[in-house]
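Asker: Show me how the following folds:
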Amino acid sequence: MTSHALLSINRQHIVDNFINLDHLSKGETAAVVKANAYGTGAQQIIPALVDVGVEDFFVAQPSEYAQVASLLPQNGRVYVLNGASLLDGDMLADKKMVPVVNNHRDLLALSSHQGPVAYHLDTAMKRLGFLSKDWHMIPKNPHMVMSHLSCADEDDLVTQKQIVQFQEVVENMAPERASLANSEGIIHHPTSHYDLTRPGIGLYGGVAFDGVKPVMTLSAKILQKNNLNKDDHVGYGATFTAEGPLAAYVLGIGYADGLPRHLSNQSYKTSQGLELSFLGRISMDSCVVGVHNATFEEGQWIDLIYSPEDLAILAKVAGTISYELLTGLGSQFRGQRCL
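Answerer: You can find the predicted model right below:
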């Protein structure tokens, strides 16, 4: 191997996670593949999902549409969540395209569009979507109305309010399809399922549920082992000082590869039981770790992420979420990838 770090993406486990979430869903199940399938590689992941019968895919930007559409069969659909007013005539003429209309500007831009349209309602997030005062602009019996759960993993009260509000809209507008549940909605809120669920992070091993399989593993090679003495410093700014003898392992991965710099001087325990500490500041191309309950030698490999639990814990220690860690590593990693 010519690289000092290895990022492995298990394509079959993404498919297995989809199948498990689909079994939980009361209606049909789509796949959210925005941001290059959350950094895991849309070009490889989408055909595998098509092979198990997935027909509906969601992306964020018009620029993502062409790649996804080219991988789908004729009955496939690509819902573009943002930027309906930026879609050109060729895109809108494609029967696979379903624009998501978020506001009055989008509505005007698509006034002559004859194909199916999804209407996004803001039921809590104050992000994208028609505010409640503007819901009268949406025509009756649309192809789809949709919204997005903001607290499905944290706050039952907010989620239940969203479900009640969305249900009123569905009863009033009588759409062909209604879609509300994200990954956490599928797992925790069956009344949010409606006709089409939209798992994203759950496909990629970023949330816990029965049967979830790990999708990403991240390993780094020990480039050098330094035996520290008391009062030795590590890294830029000398922000770590050894309190006594300590083995310090220099790993071939840094923040340029998507490893968050906020992990500097932080510790965590991996699902394999390793007690790891990042010693000093993480550098662009490398980092230094201490392992408190195991011994390694130069040339050996250390697993930094081995399970969904590792992904979640490492994200929490870095002060972020698994979404950001997953997409950051996926988009920035410079080492060897294995799909």
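Asker: tell me which residues of the lengthiest helix in the chain are tucked away?
Answerer: Ranked by residue count and defined by DSSP state H, the top helix of the chain is helix 156-173. By neighbour count on 16 or more other Cβ atoms under 10 Å, the buried set for helix 156-173 is 159, 162, 163, 165, 166, 169, 170, 173. Any C-beta I mention is one placed from the backbone N, CA and C, and that applies to glycine too.
Asker: contacting residues around that helix?
Answerer: Helix 156-173 is contacted from outside by 121, 123-124, 132, 135, 138, 140-142, 145, 147, 149-152, 178, 180, 185, 188-189, 191-192, 194, using Cβ atoms under 8 Å, 6 or more residues apart in numbering.
Asker: Narrow those to those in helices?
Answerer: Short answer: the contacts of helix 156-173 in helices (DSSP H) are 185, 188.
Asker: Using PyMOL, define a selection of the buried residues within the contacts of helix 156-173.
Answerer: The PyMOL selection below is limited to those of those classed as buried (16+ other Cβ under 10 Å):
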select buried, resi 121+123+124+135+138+142+145+147+149+150+152+178+180+185+188+189+192+194
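Asker: Can you name the residues that contact residue 108?
Answerer: Each residue near residue 108 by Cβ under 8 Å, 6+ apart is listed here: residue 85.
Asker: What about the closest residue to residue 286 other than its chain neighbours? Give its phi and psi, please.
Answerer: Nearest residue to residue 286, sequence neighbours excluded (Cβ to Cβ, 6 or more residues apart in numbering): residue 254, at 5.1 Å. Reported as degrees, to the nearest 10, the phi and psi values for residue 254 are phi -140, psi -170.
Asker: list the contacts for residue 254?
Answerer: 282, 283, 284, 285, 286, 287 are the contacts of residue 254 under Cβ under 8 Å, 6+ apart.
Asker: what do you get for residue 269?
Answerer: 275, 276, 313.
Asker: Residue 152 now?
Answerer: Residue 152 touches 159, 181, 182, 184, 185, 188, 189, 192, counting by Cβ under 8 Å, 6+ apart.
Asker: The second one: neighbouring residues, count only.
Answerer: Taking other Cβ atoms under 10 Å as the criterion, the count of residues near residue 181 is 30.
Asker: Give me the distance between it and residue 189.
Answerer: Applying Cβ to Cβ, to the nearest Å, the value for residue 181 to residue 189 is 7 Å.
Asker: Mutual contacts of the two, please.
Answerer: Both residue 181 and residue 189 are in contact with 149, 152, where contact means Cβ under 8 Å, 6+ apart.
Asker: Chain neighbours aside, what residue packs nearest to residue 151?
Answerer: Nearest non-adjacent residue to residue 151, counting by Cβ to Cβ, 6+ apart: residue 158, 4.4 Å away.
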